[in-house]
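1. Quick one, what's the 3D model for this:
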Amino acid sequence: MKSSLMLTLFVLQVLLSATTTFAADWPSWRGPAGDGICTSASDLPAEFGPEQNVAWRVPLDGPAGSTPIIVGEKIFLTTVKGADVLLLCLNKKDGKELWRRTVGTGNYTSQGDEGNCCAPSPTSDGERVYCFFGTGDLACFDLEGKKIWQRNLAKDYGKFKMLFVFSSSPVLHGDNLYQQMLHNGGQTVVAINKMTGKEVWKITRKTNAIKECLDSYASPKIYQDKDRTLLLTHGADYLIGHSLKDGSEIFRLGGLHPESGYNPTLRFVASPLAIPGLIVVPTAKKSYSFGILPDGQGNITGTDKVLWKYKITPDVVTPLYAGGCVYLIADKAGVLHCIDAKTGDAHYVEPLHRHKHRASPLLADGKIYIPARDGVVNVIKVGKKFEVLAKNKMGERIASSPIADGKRLYLRTYEALYALGK
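-> You can find the predicted model right below:
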């Protein structure tokens with residue numbers, strides 16, 4: 001029964017991908033469908049570097065882990081300048097800055113250069129751009145830089161209390177922005193009207209997590225198929241599926257801690273992957289990844305809604321799906337796991353680059369782009385057989401996920417934004 005259901009839903013994924021129209025080229029951190037896949041790019045370079053296949057390079061005011069977005073002929077990205085946090089608008093063709101807006105102040109860094117308040121990524125509905133920062137500042141601008149509204153979620157819902165900087169990116173769906181604020185100061189999930197900035201609903205997310213496990217750096221996700229649309233929140237020991245209407249809980253998955261005992265430092269950083277028919281749930285620190293069906297009700301822990309459990313998890317990097325496979329990247333070891341999306345069995349386990357991996361992978365033009373923190377970008381061929389197409393050295397630190405559009409790959413380093421093309 002599971003196999004037939006999975007086959008039906010994976011066919012549905014292909015149909016949805018072919019028929020859905022999106023408002024922007026790359027409107028959010030994980031792209032049009034929220035899965036890290038670009039279907040519109042072609043002839044992208046596999047080989048590139050600081051002086052190879054560079055269309056343009058624009059130096060940035062400061063480092064950041066946030067990912068740029070593309071709306072028409074404009075690129076939007078957030079950055080820091082001293083204590084200030086900013087939204088920039090660039091011309092996609094040549095990288096020329098069109099405008100910038102200072103949104104807030106109070107930026108700080110965490111664990112040296114590991115992160116700052118410019119970790120969350122902006123999002124757009126094609127007419128407006130929404131940017132959020134670890135300072136709590138959330139703002140909406142039109143495409144020409146006119147501010148429509150602004151508020152501070154840390155002031156409205158409680159100061160962010162966590163070991164590292166707040167890094168959850170809000171997700172946009174329909175008329176609302178959805179944000180999870182899961183930390184030691186509170187367990188709050190909110191829906192905010194995208195036109196006015198006013199609260200639509202607020203819930204307190206129930207958990208029995210303690211200490212650092214209350215802190216989540218993951219981002220909320222939207223799950224959607226022909227039968228169901230859900231808000232997914234991930235952190236504080238659980239993945240929970242919520243109603244978009246009022247935030248009420250539809251299902252939850254527990255059992256995300258190691259079986260050997262409770263680890264009070266096990267915080268979730270990697271976000272879930274949601275495609276029609278499957279939700280992939282990462283955890284943290286050499287624990288497990290889970291593949292679950294999205295049609296559950298109540299507590300689905302240990303039920304037949306859990307398709308598989310795989311003994312490795314990306315600690316930071318969000319999983320990727322392509323061609324019936326799920327790709328998981330072990331953080332510090334830099335090992336790529338390609339597993340079957342239906343069974344959780346491994347097709348291959350291969351070393352990539354032994355260094356921290358903070359950026360999430362991009363699938364575009366049949367290639368998977370996987371940046372490491374030290375600026376090494378591996379390019380992998382899609383498929384059940386491991387094949388490295390190129391290993392590129394940018395020479396600049398990278399925490400931002402790559403994006404693509406047309407015949408160009410865009411890569412943000414701590415120092416600059418690159419447009420890469422043949």
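2. give me the number of residues near Ala83?
-> Residues within reach of Ala83, counting by other C-beta atoms under 10 Å, total 12. For the C-beta atoms, the positions are set from N, CA and C on the backbone; glycine is no exception.
3. List the contacts of it.
-> Thr105, Gly106, Asn107 (C-beta atoms under 8 Å, 6 or more residues apart in numbering).
4. By neighbour count, sort out the buried ones in those residues.
-> Buried members of the contacts of Ala83, scored by 16 or more other C-beta atoms under 10 Å, are Asn107.
5. Mark which of the contacts of Ala83 are part of helices, please.
-> Judged by DSSP state H, the contacts of Ala83 include no members of helices.
6. Relative to Cys325, which of the contacts of Ala83 is nearest.
-> Distances from Cys325 to the contacts of Ala83, taken as C-beta to C-beta, are shortest for Asn107 (38.7 Å).
7. okay, now the nearest residue to the closest one once chain neighbours are set aside: neighbour count?
-> Counting by C-beta to C-beta, 6 or more residues apart in numbering, the nearest residue to Asn107 once its immediate chain neighbours are dropped is Cys117, at 4.4 Å. Neighbours of Cys117 under the rule other C-beta under 10 Å: 29.
8. for the one 4 residues further on, same thing?
-> Ser121 sits with 26 neighbouring residues when counted by other C-beta under 10 Å.
9. Distance-wise, check it relative to Pro276.
-> Distance of Ser121 to Pro276, given as C-beta to C-beta, to the nearest Å: 23 Å.
10. go on, Phe386?
-> 27 Å.
11. So for the two, which residue has more residues nearby?
-> More crowded of Phe386 and Pro276, by other C-beta under 10 Å: Pro276, with 23 against 15.
12. Pretty sure the more buried one sits against Asp225.
-> Yes: with contact defined as C-beta atoms under 8 Å, Pro276 reaches Asp225; the gap is 4.1 Å.
13. quick revisit: and the residue nearest to Asn107, what does it touch?
-> By C-beta under 8 Å, 6+ apart, the neighbours of Cys117 are Val80, Val85, Gly106, Asn107, Tyr108, Phe133, Gly134, Thr135, Val165, Phe166.
14. any idea which of these has the most stuff around it?
-> Phe133 (33 neighbours).
15. On the pLDDT front, check that one for me.
-> For Phe133, the pLDDT comes out at 98.
16. Show me what counts as buried in stretch 157-172.
-> Buried residues in stretch 157-172 (16+ other C-beta under 10 Å): Tyr157, Phe160, Met162, Phe164, Val165, Phe166, Ser167, Ser168, Ser169, Pro170, Val171, Leu172.
17. end-to-end on it?
-> By C-alpha to C-alpha, to the nearest Å, the extent of stretch 157-172 from end to end equals 19 Å.
18. for stretch 149-169, same thing?
-> Stretch 149-169 has an end-to-end distance of 18 Å (criterion: C-alpha to C-alpha).
19. Now do the strands in the stretch 301-422 of the chain.
-> 306-310, 320-322, 325-330, 335-340, 346-351, 362-364, 367-371, 376-381, 388-393, 403-405, 408-412, 416-420 (DSSP state E, counting those that start in this stretch).
20. Format these as JSON lines; extra columns: mean pLDDT, mean neighbour count and distance to Gly95.
-> Output for those, formatted as JSON lines (pLDDT from 0 to 100; neighbours: other C-beta atoms under 10 Å; distance: least, C-beta to C-beta, whole Å):
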{"stretch": "strand 306-310", "mean pLDDT": "97", "mean neighbour count": "18", "distance to Gly95": "40"}
{"stretch": "strand 320-322", "mean pLDDT": "97", "mean neighbour count": "21", "distance to Gly95": "27"}
{"stretch": "strand 325-330", "mean pLDDT": "95", "mean neighbour count": "23", "distance to Gly95": "29"}
{"stretch": "strand 335-340", "mean pLDDT": "97", "mean neighbour count": "21", "distance to Gly95": "31"}
{"stretch": "strand 346-351", "mean pLDDT": "97", "mean neighbour count": "14", "distance to Gly95": "35"}
{"stretch": "strand 362-364", "mean pLDDT": "98", "mean neighbour count": "25", "distance to Gly95": "19"}
{"stretch": "strand 367-371", "mean pLDDT": "98", "mean neighbour count": "25", "distance to Gly95": "19"}
{"stretch": "strand 376-381", "mean pLDDT": "98", "mean neighbour count": "20", "distance to Gly95": "19"}
{"stretch": "strand 388-393", "mean pLDDT": "98", "mean neighbour count": "16", "distance to Gly95": "20"}
{"stretch": "strand 403-405", "mean pLDDT": "96", "mean neighbour count": "25", "distance to Gly95": "13"}
{"stretch": "strand 408-412", "mean pLDDT": "98", "mean neighbour count": "27", "distance to Gly95": "10"}
{"stretch": "strand 416-420", "mean pLDDT": "98", "mean neighbour count": "22", "distance to Gly95": "6"}
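21. so what's Asp113 closest to, chain neighbours aside?
-> Here the residue nearest Asp113, using C-beta to C-beta, 6+ apart, is Pro63, at 6.5 Å.
22. Look up how far Ala333 lies from that neighbour.
-> In this view, Pro63 and Ala333 are 24 Å apart by C-beta to C-beta.
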